[in-house]
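*Asks:* Return a 3D structure for these sequence lines:
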Amino acid sequence: MRVPNGALSRRKGQVKPRRTDAVFLMLAIVFIGAVAVYIVAISMDSPYPVPSSVEAYLRTEDITASKAANGVPAFRTIYTIFAGRRNRLLIQEPYWKEMIRIGAIDEVHLWDYCFDEDDRKHLYTLGEKYSSFVKIMRPQDVAMENFYWFDHNHSLPEALERYGNPTEGRALLKWRPERGYTEYFQYYASTSNKHSKDIIIKADDDIVWINTTQVRPFVAYMVNRTDVFLLSASIINQGLCAHYQQKHGAIPKSLIGDLPLPGNGMGELHDNSTDALTLHKYFLSSEEARQKFYITDPQFYQFGFTINVNFVAMRWSDFPEYVELINEKLVEEGRYYDEGAITWDPIRKRKKLEGIYMPLVVAHATFGAQKDKTTEILSEYVLYAKKERASLYGDILDNWTP
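*Replies:* The predicted structure is shown next:
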């Protein structure tokens, strides 16, 4: 092995470190100690968790440096989820690993909005399993037993009368509707001055299929289109996206009928579980079927409605404005409704531009009104994963249950 000049000296047949090596060692110890103190200090000052090791911080810096070295703008992409139901997250989990591996995202934030304790235990298991890139985010003042009904009608009190007992891991409305998911938005708003170039992807916990090769172009499109306020992926099982998918021949009219441009951005598909199941089955039926959803011309469709934010990109620096819009809706309508506040409201009130990036295809399992087919739809994706994506999933789904 070649020894660098000056690194070692020989005396009486022995290899002996020079004094400079001791100095370097001391400097290294001081540096690591300083970083550790910094991490502890941040942990004490902030109610939100930080990476538990120096390695996690260094890895983030390495990713940013690698991007810059390869001519990619020095921004980071944070993948976030309102988490989460175990049987959904198990299906989505391998996609995080793959997106990290190919450099499409830099970090995953799993927000602990679990109601079921088994789901919560699974969430923290994921944090330990992927400690190098997963953070469990803990909304400090949210007691989930006091959380509100969200699956139906966005926490309006009459939802309890309409739908009765809670389902799918959500709790009854027991507090002011403005509490909602505000901790999520306020956290990124409060830290936005440190992340002026970074992108936040907000994904639902029941995203069950992602074309991972298109995530990085999706983010790059958002970075380059500085006029776009919010960018959605092309979602399987979302009314507005389905209209454009059918327009380009991806969804045959013989499958679930004609899908006209929905005036509310959601369409009849939003409430039709039978059509949702049929569409998912068709999407999974063959690679040929899936390829039809990959639409590149045009890349972008502008929309002027409320749209379901199942998988969207937002600039971290814009989060203070998202919080303003959410608070305005609370004053004007007396309810917490984040989807409307960050889609339709900025379009109609502030002339913001929002749209769909068609090349990125993402499958969303079900909406609340489609819940009677949820088990069947999730099972279809588990079967597909075990049969056609076994190398990606490994043993992750071995103990999956609906």
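
*Asks:* isn't Gly267 right up against Ile235?
*Replies:* No. Judged on Cβ atoms under 8 Å, Gly267 makes no contact with Ile235 at a distance of 11.9 Å. Where you see a C-beta, it was placed from the backbone N, CA and C, and this is true even at glycine.

*Asks:* Of these two, which one has the most company?
*Replies:* Ile235 (25 against 20; other Cβ atoms under 10 Å).

*Asks:* what is that one paired to in the beta sheet?
*Replies:* Val362 (DSSP bridges).

*Asks:* how much space is there between it and Ile326?
*Replies:* With distances taken as Cβ to Cβ, to the nearest Å, Ile235 is found 22 Å from Ile326.

*Asks:* do the same with Cys241
*Replies:* 24 Å.

*Asks:* Neighbour count for these two, which is higher?
*Replies:* Cys241 (31 against 23).

*Asks:* nearest residue to the more buried one other than its sequence neighbours?
*Replies:* Ile235 (4.5 Å; Cβ to Cβ, 6 or more residues apart in numbering).

*Asks:* what sits against the one you found?
*Replies:* Cys241, Asn308, Asn310, Phe311, Val362, Ala363, His364 (Cβ atoms under 8 Å, 6 or more residues apart in numbering).

*Asks:* Would you mind putting the residues you listed into CSV with pLDDT and secondary structure alongside?
*Replies:* Formatted as CSV, these follow (pLDDT from 0 to 100; DSSP: H, G, I helix; E, B strand; the rest coil):
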residue, pLDDT, secondary structure
Cys241, 97, helix
Asn308, 92, coil
Asn310, 97, coil
Phe311, 98, strand
Val362, 98, strand
Ala363, 98, strand
His364, 98, strand
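
*Asks:* ok, which stretches of the stretch 301-402 of the chain are strands?
*Replies:* 311-315, 353-364 (DSSP state E, counting those that start in this stretch).

*Asks:* Out of these, the one nearest Val228 is which?
*Replies:* strand 353-364 (5.4 Å; Cβ to Cβ).

*Asks:* and the closest one, what other elements does it pack with?
*Replies:* strand 207-210, helix 215-224, strand 228-236, helix 239-247, strand 300-302, strand 311-315, helix 344-350 (3 or more Cβ pairs under 8 Å, 6 or more residues apart in numbering; DSSP states H and E).

*Asks:* got TSV for these, with distance to Asp271 too?
*Replies:* Formatted as TSV, those follow (distance: least, Cβ to Cβ, whole Å):
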stretch	distance to Asp271
strand 207-210	19
helix 215-224	28
strand 228-236	16
helix 239-247	9
strand 300-302	22
strand 311-315	20
helix 344-350	19
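
*Asks:* The ones you listed: which one's closest to Ser379?
*Replies:* strand 207-210 (10.7 Å).

*Asks:* Pull up the pairing partners for the closest one, direction included.
*Replies:* strand 353-364 (antiparallel).

*Asks:* got the angle between the strand it pairs with and helix 215-224?
*Replies:* Strand 353-364 runs at 170 degrees relative to helix 215-224, counting by axes from the mean of the first three to the mean of the last three Cα atoms, to 10 degrees.

*Asks:* distance between strand 353-364 and the chain's centre?
*Replies:* Here strand 353-364 is found 14 Å from its chain centre; the criterion is Cα atoms, centre = their mean, to the nearest Å.

*Asks:* Between strand 228-236 and that strand, find me the angle.
*Replies:* 30 degrees.

*Asks:* Can you get me a residue count around Asp338?
*Replies:* For Asp338, using other Cβ under 10 Å, the count is 21.

*Asks:* right, and it touches Gln186 too?
*Replies:* No. If you go by Cβ under 8 Å, Asp338 and Gln186 don't touch, sitting 11.9 Å apart.

*Asks:* Save the strands of the stretch 301-402 of the chain as JSON lines, and put in distance to Gly84 and mean neighbour count too.
*Replies:* Converted to JSON lines, those look like this (distance: least, Cβ to Cβ, whole Å; neighbours: other Cβ atoms under 10 Å):
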{"stretch": "strand 311-315", "distance to Gly84": "14", "mean neighbour count": "24"}
{"stretch": "strand 353-364", "distance to Gly84": "14", "mean neighbour count": "23"}
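
*Asks:* With distance to Met137 as extra columns, can I get those in a markdown table?
*Replies:* Converted to a markdown table, the strands of the stretch 301-402 of the chain look like this (distance: least, Cβ to Cβ, whole Å):
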| stretch | distance to Met137 |
| --- | --- |
| strand 311-315 | 16 |
| strand 353-364 | 22 |
